[in-house]
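Enquirer: sequence below, structure please.
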Amino acid sequence: MMLPLAACAAEAAASRFVSLRATEVNLRAGPGDQYPVAWVYRRPGLPLEVIAEFDVWRRVRDWQGEEGWVHSNMLSTRRTVIIVSKLQPLREKPNGSSPAVAQAEAGVIGKLLRCPADSGWCRIEVNGLRGWAPRSQIWGIREAEAYD
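Expert: Residues are numbered from 1 along each chain as shown. The predicted model follows:
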């Protein structure tokens, strides 16, 4: 299906991370209700990367590379991350030898609390437990992005 020329021009928009606000969100093939639903997300808080904008629609990419259009009302600016490794220990301090405070399985969503720019670690919260995870084992933040 062809996208409007304006939608194609929107591809140049700077990307940013957001999360799903609702318990059920349609990912559409284009920026409008007239486009078919390609996927239905049922995971509130799931992080998504906004890669383009057109009117009230946002072209997003998920952690598995799936892309499509979502209405902006379905998105939140609240930052979250998703665990991408099979089993990720959340550490007391930002280093691999620090004691684990919890274990998070692949696909678990956590609230992003802090990511120093000069660190390979991010502090996240999962089910009320806070700990540090390597950036390489989470998705929802850029490699050198600082978040506080």
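Enquirer: how many residues are close by Pro36?
Expert: 10 (other C-beta atoms under 10 Å). (C-beta placed from N, C-alpha, C; glycine too.)
Enquirer: per-residue pLDDT, it?
Expert: Here the pLDDT value assigned to Pro36 is 98.
Enquirer: my read is that it contacts Asn26, right?
Expert: No: assessed by C-beta atoms under 8 Å, Pro36 is found out of contact with Asn26, at 9.5 Å.
Enquirer: for Ser76, give me its contacts.
Expert: Taking C-beta atoms under 8 Å, 6 or more residues apart in numbering, we find Ser76 in contact with 18-21.
Enquirer: now the spatially most central residue of the chain: how far from Glu145?
Expert: The centroid of the chain falls nearest to Pro47 when counting by C-alpha atoms, centre = their mean (2.1 Å). Using C-beta to C-beta, to the nearest Å, we find Pro47 at a distance of 13 Å from Glu145.
Enquirer: the chain: strands as residue ranges?
Expert: 16-20, 25-28, 37-41, 47-54, 57-61, 67-71, 75-76, 80-83, 87-91, 100-105, 109-114, 121-126, 129-134, 138-139 (DSSP state E).
Enquirer: which one of these is the most hemmed in?
Expert: Each of those was scored by mean neighbour count; the highest is strand 80-83, a mean of 25, by mean count of other C-beta atoms under 10 Å.
Enquirer: hang on, Gln88 packs against Ala104?
Expert: Yes: here Gln88 reaches Ala104: they are 4.9 Å apart, a contact under C-beta under 8 Å.
Enquirer: any common contacting residues for those two?
Expert: With C-beta under 8 Å, 6+ apart, Gln88 and Ala104 have common neighbours Ala133.
Enquirer: and for stretch 94-108, what's in contact with it?
Expert: 82-92, 110, 119-121, 123, 126-127, 129-134.
Enquirer: quick check: bridge partners of Gly110?
Expert: Legend: beta-bridge partners of Gly110 under DSSP bridges are Val81.
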